[in-house]
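Visitor: dropping the sequence and predicted coords here.
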Amino acid sequence: MGDRWHVEVDRGVCIGSGMCVNHAPDGFRLDTARQSHPREPESDANEKVLAAAEGCPVEAILITLLDGGEKPVFPPEE
């Protein structure tokens with residue numbers, strides 16, 4: 001069994017570029033205000049979702065391990 005992630009988008013930071021949907025259409029959607037939302041806030045680890053987080057121009061996507069005491073996956077701890 002692989003890692004489970006909690007994925008969230010800080011909509012106060014999101015600029016609606018849509019890059020997340022381009023990288024991971026099964027992982028994100030844009031609402032009518034062009035704000036990003038994860039399709040499933042809790043999901044199995046997914047390289048496309050990670051690529052979407054890494055490609056977000058304003059780093060609005062936050063990923064943490066569910067079973068790791070909320071240990072950050074992205075952005076990584078400094």
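Guide: Ah, there it is.

Visitor: look up phi and psi at the spatially most central residue of the chain.
Guide: Computing the C-alpha centroid of the chain and ranking residues by Cα atoms, centre = their mean puts I61 first, at 4.1 Å. Main-chain dihedrals, I61, degrees, to the nearest 10: phi -100, psi 130.

Visitor: which one is it nearest to, not counting chain neighbours?
Guide: A53 (3.9 Å; Cβ to Cβ, 6 or more residues apart in numbering). Just so you know, the C-beta spots here come from the backbone N, C-alpha and C atoms, and that holds for glycine as well.

Visitor: which residues touch the one helix or strand that neighbour maps to?
Guide: Assigned by DSSP states H and E, A53 belongs to helix 47-55. Residues outside helix 47-55 that contact it (Cβ atoms under 8 Å, 6 or more residues apart in numbering): 5, 7, 19-24, 26-28, 38, 43, 59, 61-63, 73-75.

Visitor: ditto for stretch 17-30
Guide: By Cβ under 8 Å, 6+ apart, stretch 17-30 touches 7, 9, 16, 34, 36-40, 43, 46, 48-49, 51-53, 55-58, 61.

Visitor: quick revisit: just the ones of the contacts of helix 47-55 in strands?
Guide: Among the contacts of helix 47-55, DSSP state E puts W5, V7, F28, P38, S43, I61, L62, I63, V73, F74 in strands.

Visitor: a markdown table please, covering those and showing pLDDT.
Guide: Compiled in a markdown table, the ones in strands among the contacts of helix 47-55 are given as follows (pLDDT from 0 to 100):
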| residue | pLDDT |
| --- | --- |
| W5 | 96 |
| V7 | 97 |
| F28 | 98 |
| P38 | 98 |
| S43 | 94 |
| I61 | 98 |
| L62 | 97 |
| I63 | 97 |
| V73 | 93 |
| F74 | 94 |
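
Visitor: low-scoring stretches of the chain, by residue?
Guide: 1, 68 (pLDDT under 70).

Visitor: of the contacts of helix 47-55, select the buried ones using a PyMOL command.
Guide: The buried residues among these can be selected in PyMOL (16 or more other Cβ atoms under 10 Å) with this line:
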select buried, resi 5+7+19+20+21+23+24+27+28+38+43+61+62+63+73+74
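
Visitor: before I go, just wanted to say thanks for your time.
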